[in-house]
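Novice: please work out how this folds:
(2 chains)
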Amino acid sequence: MSAGGKGWRDLPRGGVIEDAGNAREYHTGDWRTMRPVWDAEKCINCFFCWVYCPDASILVKDGKVVGINYLHCKGCGICAAECPKRVQAITMIKEAEAADAQTTGKGGAS
Amino acid sequence: MAKRVALTGNEAVALAMKQINPDVVAAYPITPQTDIVQYFSSFVADGQVTTEFVRVESEHSAMSAVIGSSAAGARSITATSSQGLALMHEMLHIASSYRLPIVMPVVNRALSGPINIHCDHSDSMNARDTGWIQLYCEDTQEAYDNMFIALKIAEDPRVLTPVMVCFDGFIISHALENLVVEDEDVIKKYVGQFEPDRYLLDVDNPHTIGPLALYDYYFEVKRQQAEVMFHAMDAVSEASAEYGKVTGRNYDLFETYKLDDADVGIIVIGSTAGTARGAVDKLREQGVKAGLIKLRVFRPAPREEIVAAIRHLKALAVMDRADSYAGFGGPLFGEVRSWLYGTGASLPVVNFVYGLGGRDVVVNDVASVYEYLDKLVRNQAPLQLVQYLGVRE
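Specialist: Reported below is the predicted structural model:
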């Protein structure tokens, strides 16, 4: 039994997605096994992580990185790899060992 | 006025498509379906239809094209046989899961190998679990009539599921038969306009079809498809009854012949039903109470109706023009036995696999099945569950 979600009687016929362009509502972040943790103190706002993120999970506000969207970040680690060696503002930790172990982290607002 | 004409099965089906005048036909030629596409393409070239005819490079593409056009809101038809249906296979599941009312004549032909172009039902039986509705035809008239009824069933809001109209390759597709064809305005009125409640070209209501649905939603979508088949029988019956009112030709889920007082019966699909009627008459002359059931609708399965029709028999033979290679005969055999199980009926049910690759079946062949059943009932022959009729030993 899968909890949550509509039953077959209430779902649109053929699984049609009636609200087109709703990919952001699909929380692919729960695929993640490794979590990037961003350190605001170390970040120099070079935006390498933002450029290289294959999703759009680096959150930016007023020209500055403000966090990571854990609802959609799949934990590929490219941001941590691209963060300059002398900066290392992003470290990868095991998702299971994250403090909250939830898909909705601090930067969760999408 | 309806008129009586002589046409081959393929000509009759092409004429039916002309009278429907669908928005899109995408098809690839394959024996023995080729004539349908050929005749229809000439209607397109001569401006007798307004159909957008898409020349595709394979049957996989043909089915993909009509999936796209049907989703866009266009009334869409394709046609195929044998290897072509096999090549479409993955797209058949997609058409039914998207709930698209595509209609497809399937001119039944054996699947390779060995390579063979002649009739058996291995192609459409191979597609029986694809979520399509399947109607089977005995003759040219039925092939013509079922095209319109299939369209009505497919587009029924309760159904919205694709339908195959299956008829025997060469035996029906290429043989010239007399049939009654309706006036185009009668057909136009019967099939009406296709007015989908949802279509991709509706720019005011954008939506996405073909979703990714993993363990979280896939099961629910398939459960919807299962539900369609629980209720599609009503749509089949109503569409058939309405057609009967308009044309005077009435079709049921299956047809019986001298079954009510029969002791021994045969259930058969397709053109062999005509041969079997001859065998029934022959056996009746010999004093054997023989009866016949010709199955028209195989998907959804008319389980309760068939059980009610056959349970009084003393023995039943299920004729399969395809093998399931289950070590237990053909597909219809397994299903009929399953339908009967637990109903209290205890008649012996045996299987005759016959006619593979176009192997001819004549009245005496079918008569031999009745003769076996008669002996079985009299305890003069051993119960042999699966037999192969007309094969060289």
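
Novice: for A:Cys46, see how far away A:Glu82 is.
Specialist: A:Glu82 is 9 Å from A:Cys46, where distance means Cβ to Cβ, to the nearest Å. Placement of C-beta: from N, CA and C, glycine included.

Novice: relative to B:Arg392, how far out is the residue of chain A positioned farthest from its centre?
Specialist: The C-alpha centroid of chain A is most remote from A:Arg9, which lies 32.0 Å away (Cα atoms, centre = their mean). In this view, A:Arg9 and B:Arg392 are 54 Å apart by Cβ to Cβ.

Novice: I figured B:Arg75 hits B:Phe194, correct?
Specialist: Yes: the criterion here is Cβ atoms under 8 Å, and B:Arg75 meets it with B:Phe194 at 4.1 Å.

Novice: who has more neighbours out of those two?
Specialist: B:Arg75 (25 against 18; other Cβ atoms under 10 Å in any protein chain shown).

Novice: kindly state the pLDDT recorded for the more buried one?
Specialist: At B:Arg75, the predicted lDDT confidence score is 98.

Novice: what sits against residue 75?
Specialist: No chain in the question, so chain A it is. A:31-36, A:92, A:95 (Cβ atoms under 8 Å, 6 or more residues apart in numbering or on different chains).

Novice: my bad, the chain I had in mind was chain B
Specialist: Counted by Cβ under 8 Å, 6+ apart, B:Arg75 has contacts B:20, B:22-24, B:101, B:151, B:155, B:194.

Novice: can you tell me how far it is from B:Glu182?
Specialist: According to Cβ to Cβ, B:Arg75 and B:Glu182 sit 18 Å apart.

Novice: how about B:Leu356?
Specialist: Distance of B:Leu356 to B:Glu182, given as Cβ to Cβ: 35 Å.

Novice: name the residues contacting each of B:Arg75 and B:Phe194.
Specialist: Shared contacts of B:Arg75 and B:Phe194 (Cβ under 8 Å, 6+ apart): B:23, B:101, B:155.

Novice: ranking those residues by neighbours, who comes first?
Specialist: Counting neighbours by other Cβ under 10 Å, B:Pro101 comes out on top of the shared contacts of B:Arg75 and B:Phe194 with 24 neighbours.

Novice: my read: it touches B:Pro157, true?
Specialist: No: in this structure, B:Pro101 is not within contact of B:Pro157 by Cβ under 8 Å, at 9.8 Å.

Novice: let me see the contact set for B:Ser97.
Specialist: If a contact means Cβ under 8 Å, 6+ apart, then B:Ser97 has A:14-15, B:131, B:221-222, B:225 as its contacts.

Novice: pick the one among these closest to B:Arg198.
Specialist: Nearest to B:Arg198 among the contacts of B:Ser97 is A:Gly14, at 9.1 Å by Cβ to Cβ.

Novice: tell me the residues of chain A that contact chain B?
Specialist: Applying Cβ under 8 Å from any Cβ of the partner chain, we find that chain A lies next to chain B at A:2, A:4-8, A:11, A:13-21.

Novice: what's the ChimeraX syntax to select whichever of those are buried?
Specialist: Typed into ChimeraX, the line below selects the buried ones among those, using 16 or more other Cβ atoms under 10 Å in any protein chain shown:
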select /A:8,11,14,15,16,17
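
Novice: and B:Gly192, how many neighbours?
Specialist: Burial of B:Gly192 is recorded as 10 neighbouring residues (other Cβ under 10 Å).

Novice: in chain A, which residue is closest to the centre?
Specialist: A:Cys73 (2.3 Å).

Novice: which SS class is that one?
Specialist: Recorded secondary structure, A:Cys73: coil (DSSP: H, G, I helix; E, B strand; the rest coil).

Novice: and the gap between B:Gly131 and chain A?
Specialist: Applying Cβ to the nearest Cβ, to the nearest Å, the value for B:Gly131 to chain A is 11 Å.

Novice: let me fix that, I meant to ask about B:Asp202.
Specialist: In this view, B:Asp202 and chain A are 11 Å apart by Cβ to the nearest Cβ.

Novice: let me see the contact set for the closest residue to that residue other than its chain neighbours.
Specialist: What sits nearest to B:Asp202 in space, not counting adjacent residues and going by Cβ to Cβ, 6 or more residues apart in numbering or on different chains, is B:Gly73, at 7.0 Å. Residues in contact with B:Gly73 (Cβ under 8 Å, 6+ apart) are B:194, B:196, B:199-202.

Novice: re the thing from before, and of the shared contacts of B:Arg75 and B:Phe194, the nearest to B:Gly334?
Specialist: Nearest to B:Gly334 out of those is B:Pro101 (Cβ to Cβ; 29.1 Å).

Novice: quick check: pLDDT value at the closest one.
Specialist: Note for B:Pro101: predicted pLDDT of 98.

Novice: which residues touch it?
Specialist: B:Pro101 neighbours (Cβ under 8 Å, 6+ apart): B:70, B:75, B:151, B:154-155, B:159-163, B:194, B:196.

Novice: can you rerun that using 7 Å?
Specialist: B:70, B:154-155, B:160-162 (Cβ atoms under 7 Å, 6 or more residues apart in numbering or on different chains).

Novice: check those and tell me the two furthest apart.
Specialist: For the contacts of B:Pro101, the maximum inter-member distance is 11.3 Å, found between B:Ser70 and B:Thr161 (Cβ to Cβ).

Novice: do a quick rundown of the strands in chain A.
Specialist: Assigned by DSSP state E, chain A shows strands spanning A:34-38, A:58-61, A:64-68, A:90-94.

Novice: most tightly surrounded among these?
Specialist: strand A:34-38 (a mean of 21; mean count of other Cβ atoms under 10 Å in any protein chain shown).

Novice: partners of that one in the sheet?
Specialist: The strands that strand A:34-38 pairs with in its sheet are strand A:90-94 (antiparallel) (by DSSP bridges).

Novice: dump the C-alpha coordinates for the strand it pairs with into PDB.
Specialist: Output in PDB follows, covering the C-alpha atoms of strand A:90-94 (Å, rounded to 0.1, in the frame of the first residue of the first chain):
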ATOM      1  CA  ILE A  90      30.200  22.900  -0.200                       C
ATOM      2  CA  THR A  91      30.800  19.600   1.400                       C
ATOM      3  CA  MET A  92      28.900  16.300   0.600                       C
ATOM      4  CA  ILE A  93      27.600  14.300   3.600                       C
ATOM      5  CA  LYS A  94      25.500  11.200   3.600                       C
END
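
Novice: identify all contacting residues around it.
Specialist: A:34-38, A:49, A:77, A:79-80, A:83.

Novice: coming back round to it: and which of the contacts of B:Pro101 is nearest B:Phe230?
Specialist: B:Thr161 (12.0 Å).

Novice: what secondary structure does the spatially closest residue to that closest one that is not a sequence neighbour sit in?
Specialist: Leaving aside its sequence neighbours, B:Thr161 sits nearest to B:Val228 (Cβ to Cβ, 6+ apart; 5.2 Å). Under three-state DSSP, B:Val228 falls in the helix class.

Novice: quick check: B:Val228 touching B:Val159?
Specialist: Yes: contact criterion Cβ atoms under 7 Å: B:Val228 and B:Val159 qualify, at 6.0 Å.

Novice: this completes my enquiry, with thanks.
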